[in-house]
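*Asks:* Kindly generate the corresponding structure for this input.
(one chain, ligands or ions: 1)
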Amino acid sequence: SLLIFTLVFLVIAECLRTRRPSGFPPGPRVLPLVGNMLSLDFKNLPRQMTQLAEKYGNVYSLKMGSSWVVVLNGLDALQEGLLTNGDTLAGRPFLPLYTDVLPDLGILFTNGYLWKQQRRFALFTLKYFGVGKRSLESTIQDEFSHLSREIAGHEGKPFNPHLAINNAVSNIICSLVFGHRFEYGNEKFLTLIKLIDTASQIEGSIWAQLYNEFPMLMRRLPGPHHTLQKIFGEMVKFMKIEINQHKKDWDPAEPRDFIDCYLTEIQKSKKDDKEDAGFHENNLVMCSFDLFGAGTETTSTTLRWALLYMTKYPEIQEKVQAEIDQVIGQSRQPCMEDRKDMPYTEAVIHEVQRMGNIVPLGLPHSAIRDLQLGGYSVPKGVTVIPNLTSVLFEKDKWETPFTFNPGHFLNEEGRFVKKAAFVPFSAGKRVCLGENLARMELFVFFTSFMQHFTFSMPPGVQPVLKPRVSFIHSPQHYEICATQR
Ligand code: HEM
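*Replies:* Now for the predicted structure:
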């Protein structure tokens, strides 16, 4: 009878846990144990989450296994969460999928003082290498010369640009972090790039969610989550090889890259007796891992969307090329200074980012203390998802939310205008750390592409604009023709 009593007690307790706490944001009915997980369509989550807002309002809640999650939809709710309550929502939830296998927390997954120090240092180093004679701008320009040769080599015949673009974009982060680039086709590097691509597919699947919700169980069950963790292991090995190489010929007086700067910081922090700010070698591995992981697939995916949209709208491609011919011509490479004179190209790049919507649900935040959102009470520790999709396609913020329209970013005189609802990098304290670098890469690479080539689909093929939905929204693999101008 004790067993029956315990079972009945557990069932009642679990049923009670399906009730929302008082004052908590509303949401769909929650089932015991699984919460709302079974009714979520992980292949279509951003769209489904946006639709749920029509029924439950812009701030609603879901239960993922045993944890409550609050979803913010639309610009007003996003700003209330990430700007007005920026400090309170600057946390990240605990994600065992990552912390189980990674040697430290780096920037993306860390919290509090450690996060602030690591983020500040990374931003400072990016700035340090972003200006001066070793500027990232000239690294991007040099890299385009390699990329352009690679593309011209296809002589206008159909080819899949995925690897070449990934290679080029990864090389920018490699130059920043490791101080060198990799030749296209380098086998070790190609393997790494393929691993990152596979990893981002698994990260968006239900397996990743299940692991974070039921780690004890999932650690024992087979599934792609283990593949993902093996991939992380490979990436960590790759970073360690680079770091060990650096330690051999490192000169603190002449920092060549992020790793050199970090090694100096490790030494400095050993000497002073301030609070531990996380400058250890394992964290160097993780910060390099984060810059690589967050800074390659994102930018290269956006560029692949850009080329695809140009094949879909050849008249827009022509207008970009006309602006390039007028402002830059063919005798020099595009540079960031040109941006202010090229409102149309700027508008096209922004519209590619809006429609491409590559990080559709942003990254999860966590409330570090109790707060109010949309008039509801959200207790400390709850995960908050900024639904970026709901803002990038919000009906009253964009004239034609679902149609590619550079006019969204142009005023009547054809000048470029900023839009608050343009949030592909998210907003607030955790806003993308690489935003400036990404903007530089997108402008210089895209404008250089358009200066040198005209892109079209192979004869008889229509561009497919439906994304491969995962943690990142990327285009389906495609072949393209690049005709030299
Ligand atoms: C975070 C988007 C490129 C490094 C993020 C976030 C988004 C994002 C949506 C989450 C912000 C949040 O938590 O609310 C993008 C897009 C990119 C891009 C759309 C390119 C088009 C880059 C690049 C780098 C980078 C080039 C590296 C230099 C990071 C890091 C974070 C982050 C380290 C974590 C920041 C933190 O937790 O404090 N990015 N990103 N990103 N991004 Fe990017």
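*Asks:* Spell out the residue ranges of the strands in the chain.
*Replies:* Taking DSSP state E as the criterion, the chain contains strands spanning 59-64, 67-72, 365-366, 371-373, 376-378, 383-386, 453-456, 467-468, 474-475, 481-484.
*Asks:* can you tell me which of those strands the model trusts least?
*Replies:* Here the lowest mean pLDDT among the strands of the chain goes to strand 467-468, at a mean of 90.
*Asks:* Show me what it pairs with in its sheet, parallel or antiparallel.
*Replies:* strand 474-475 (antiparallel) (DSSP bridges).
*Asks:* can you list the residues of this protein near the ligand?
*Replies:* 107-108, 119, 290-291, 294-295, 298-299, 302, 358-359, 362-363, 386, 424-426, 430-434, 437-438 (Cβ under 6 Å from any ligand atom). All C-beta spots, glycine's among them, are computed from the backbone N, C-alpha and C.
*Asks:* would you list the strands of the chain in CSV and tack on mean neighbour count?
*Replies:* Listed next are the strands of the chain as CSV, based on neighbours: other Cβ atoms under 10 Å:
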stretch, mean neighbour count
strand 59-64, 22
strand 67-72, 23
strand 365-366, 22
strand 371-373, 19
strand 376-378, 19
strand 383-386, 23
strand 453-456, 20
strand 467-468, 18
strand 474-475, 22
strand 481-484, 16
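*Asks:* quick one, which of the ones you listed is nearest to Pro161?
*Replies:* strand 481-484 (7.8 Å; Cβ to Cβ).
*Asks:* Which residue does the protein have closest to the ligand?
*Replies:* Proximity of the chain to the ligand (Cβ to the nearest ligand atom) peaks at Gly434, 2.1 Å away.
*Asks:* what about the helices in the stretch 101-250 of the chain?
*Replies:* Along the stretch 101-250 of the chain, counting by DSSP state H, counting those that start in this stretch, helices occupy 112-130, 136-152, 162-177, 187-203, 206-213, 215-220, 224-248.
*Asks:* Output these in a markdown table, with mean neighbour count appended to each entry.
*Replies:* What follows is those, written out as a markdown table (neighbours: other Cβ under 10 Å):
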| stretch | mean neighbour count |
| --- | --- |
| helix 112-130 | 17 |
| helix 136-152 | 19 |
| helix 162-177 | 23 |
| helix 187-203 | 17 |
| helix 206-213 | 21 |
| helix 215-220 | 13 |
| helix 224-248 | 16 |
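*Asks:* If I average pLDDT within each of these, which one is lowest?
*Replies:* helix 187-203 (a mean of 83).
*Asks:* Burial check on the residue of the chain closest to the ligand, number of neighbours?
*Replies:* Burial of Gly434 is recorded as 22 neighbouring residues (other Cβ atoms under 10 Å).
*Asks:* From what I see, it and Thr296 are in contact.
*Replies:* No: the criterion here is Cβ atoms under 8 Å, and Gly434 misses it with Thr296 at 10.1 Å.
*Asks:* got the phi/psi numbers for the residue of the chain closest to the ligand?
*Replies:* Gly434 adopts backbone torsions of phi -100, psi 20, taken as degrees, to the nearest 10.
*Asks:* ok, the residue lying closest to it once chain neighbours are set aside - how many residues close by?
*Replies:* Nearest residue to Gly434 in three dimensions, chain neighbours excluded: Gly295, at 4.9 Å (Cβ to Cβ, 6 or more residues apart in numbering). Using other Cβ under 10 Å, Gly295 is surrounded by 23 other residues.
*Asks:* which residues sit in contact with Gly295?
*Replies:* Shown in contact with Gly295 (Cβ atoms under 8 Å, 6 or more residues apart in numbering): 172-173, 434, 437-438.
*Asks:* and if you look at Pro401?
*Replies:* Per Cβ under 8 Å, 6+ apart, neighbours of Pro401: 393-395.
*Asks:* Let me see the contact set for the residue of the chain closest to the ligand.
*Replies:* Gly434 neighbours (Cβ under 8 Å, 6+ apart): 126, 291, 294-295, 298.
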